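Visitor: Can you look at this prediction? I've put the sequence above it.
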Amino acid sequence: MKKNSYHLHFTLNGEEKSLDIEPGISALELIRNTLDLKGTKEGCGIGECGACTIMVDGKAVNACLIFAAQLDGRSVLTVEGLSRGDALHPIQQSFIDHHAVQCGFCTPGILMSAHALLGENPQPNREQIVKAVAGNLCRCTGYQSIIAGIEDAAERCREKES
Amino acid sequence: MFDVEYIRPQDLGEALDFLEEYGPDTTILAGGTDVMIDMRAGVLKSRYLLDVSRLPELRTIMFDNGELTSGAGVTITEIGQSEIIGRHAPALQIAADRFAGRQVRNIATIGGNVAHCSPCGDTIPPLLIHDAVAVVVSPAGQRNVPIEEMAGGPYHCTLRPDELITHFILRPKPKEVEFADFQKIGRRKELAIARMSMAVMAGQAADKTISFFRFALGACTPTPHRFREIEEMLLDRVPDEKLLWETGRVLAERMIDITGRRLSAVYKEPAIQGLFVRLMLPLIQ
């Protein structure tokens, strides 16, 4: 049977990607199955848990809610694109230091939501942090350590810039 | 994975040509946040996805000649951040700011929210209090559809398969209006779908007499509505707490007139009344 095909061209973690895809797949299926980047998780599949959060042109989005074809021409960042080799991104390091990770399933999504927030607002207050990760569910930590991790990450990112 | 074809037209003309030929087999895709879920659930089976999200004709917010317009492809985040929307349709901006979670707001569009015709669509009550109309184009031409007539019932859009919403025209907030708000009740403060939502815009004279009043209720009835009887109850009155509770009681009654007395009425009746009074409290303070 002939399969429909769509030619997708986009940037993933700084690298140009050009490939033919089945047009019905989600961005999440593209990232996890076609491109084999397993950092981005599938939780609910209906845009409620935030485990699949990626960044598209600097904005946090749910990869489970968009078609891969919608990424055409866009710049995508997944959790794999945060670190530089062995050097963790300051947000990742502060999550470790604040014990903001327990089972870890929600962590990639929360890191991406936090990264998008700090890109838009390098000095968020607590309320803005809570709002930015409201679309990410965590069933382990009770969120306090996550919020502390993001507050600290904001400071580290600012220090790094200055 | 679904067996569909993805088409992204370069301009409006191309989109309309496609709809003319393939409209009945096509789902219009803007953000995708509802389309993807409906496809996964198996309730939506289209052969083509027509991605209109990048059409420049659908992407602008404007205030011109006393008219406020928002493109159908404007995202909820963009509505929430627009200075023009904040000034001329503050209740819509508040609703956008509380819509779903950030990851959804960044991709979902106002056009998609309206055309999906969910009883719970958060942008609909604020559009209703601004007498908004959707400007709809098709190969046959253009027409204006009042928001109240967009949905024939829950998730049932009255537009034809070859029609596309390009933008919305809103009557901007009149000068006398100093109070506008949107509130909702969901299972969780953030993210959760609204169980009930309310949008209001009110103007008061120096002696607190209500000189202008618009009110719409969402999520409680098959399609969101303005409640004109409620508006008339408060117009030209100086409100006090007793009047607000009484008006809230009548609102709950009218809701039940529409839906019938369902099991959920035990909760909804007092909750509607309570949310109404909480929303309107600034009018008596």
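Guide: Perfect, thanks for sending it.

Visitor: use CA for all of it now, contacts and neighbours both
Guide: Noted.

Visitor: Looking at chain B, what residue ends up closest to chain A?
Guide: Using Cα to the nearest Cα, the point where chain B gets nearest to chain A is B:Gln103, with a distance of 4.0 Å.

Visitor: That residue: what secondary structure?
Guide: helix (DSSP: H, G, I helix; E, B strand; the rest coil).

Visitor: So it versus A:Gly135, what's the distance?
Guide: Distance of B:Gln103 to A:Gly135, given as Cα to Cα, to the nearest Å: 7 Å.

Visitor: Pull the residues that contact stretch A:154-162.
Guide: The contact list for stretch A:154-162, computed with Cα atoms under 8 Å, 6 or more residues apart in numbering or on different chains, reads A:90-91, A:118, A:122-124.

Visitor: quick one: which of the residues you listed is nearest chain B?
Guide: Lowest distance from chain B to these (Cα to the nearest Cα) belongs to A:Leu118, with 13.7 Å.

Visitor: wait, isn't that closest one in contact with A:Pro124?
Guide: Yes - the pair formed by A:Leu118 and A:Pro124 meets the contact definition of Cα atoms under 8 Å, at 7.3 Å.

Visitor: thinking again about what came up before, in terms of pLDDT, where does the residue of chain B closest to chain A sit?
Guide: If you check B:Gln103, the pLDDT there is 95.

Visitor: got a list of what it touches?
Guide: Applying Cα under 8 Å, 6+ apart, we find B:Gln103 in contact with A:50, A:53, A:59-62, A:135.

Visitor: any idea which residue sits dead centre in chain B?
Guide: B:Ile124 (1.3 Å; Cα atoms, centre = their mean).

Visitor: quick one: the closest residue to A:Pro122 other than its chain neighbours and A:Arg126, what's the gap?
Guide: Nearest residue to A:Pro122, sequence neighbours excluded (Cα to Cα, 6 or more residues apart in numbering or on different chains): A:Ala154, at 6.2 Å. For A:Ala154, the distance to A:Arg126 (Cα to Cα) stands at 11 Å.

Visitor: ok, these two, which is more surrounded?
Guide: When A:Ala154 and A:Arg126 are compared for neighbours, A:Ala154 comes out ahead with 25 against 13, by other Cα atoms under 10 Å in any protein chain shown.

Visitor: Assign the residue in chain B sticking out farthest from the centre to helix, strand or coil.
Guide: The outermost residue of chain B relative to its centre, with distances by Cα atoms, centre = their mean, is B:Asp207 at 32.3 Å. Secondary structure assignment for B:Asp207 (three-state DSSP): coil.

Visitor: Quick check: pLDDT value at it.
Guide: What the model reports for B:Asp207 is a pLDDT of 94.

Visitor: Report the separation between it and B:Glu253.
Guide: Going from B:Asp207 to B:Glu253 by Cα to Cα gives 30 Å.

Visitor: Please spell out which residues along the longest helix along chain B are buried.
Guide: The longest helix of chain B (DSSP state H) is helix B:241-259. The neighbour-count check on helix B:241-259 (16 or more other Cα atoms under 10 Å in any protein chain shown) flags B:244-245, B:247-256 as buried.

Visitor: restrict those residues to those near chain A?
Guide: With the criterion set as Cα under 8 Å from any Cα of the partner chain, no member of the buried residues of helix B:241-259 is near chain A.

Visitor: if we can go back for a sec, number of nearby residues for the closest residue to the residue of chain B closest to chain A other than its chain neighbours?
Guide: The spatially closest residue to B:Gln103, leaving aside those adjacent along the chain, is A:Val61, at 4.0 Å (Cα to Cα, 6+ apart). Neighbourhood size, A:Val61 [other Cα under 10 Å]: 29.

Visitor: Doesn't A:Val61 belong to a strand?
Guide: Yes - according to three-state DSSP, A:Val61 belongs to a strand.

Visitor: How confident was the prediction at it?
Guide: Reading off the per-residue confidence, A:Val61 sits at a pLDDT of 98.

Visitor: Could you check how far it is from B:Glu190?
Guide: Plainly put, A:Val61 is 16 Å away from B:Glu190 if you go by Cα to Cα.
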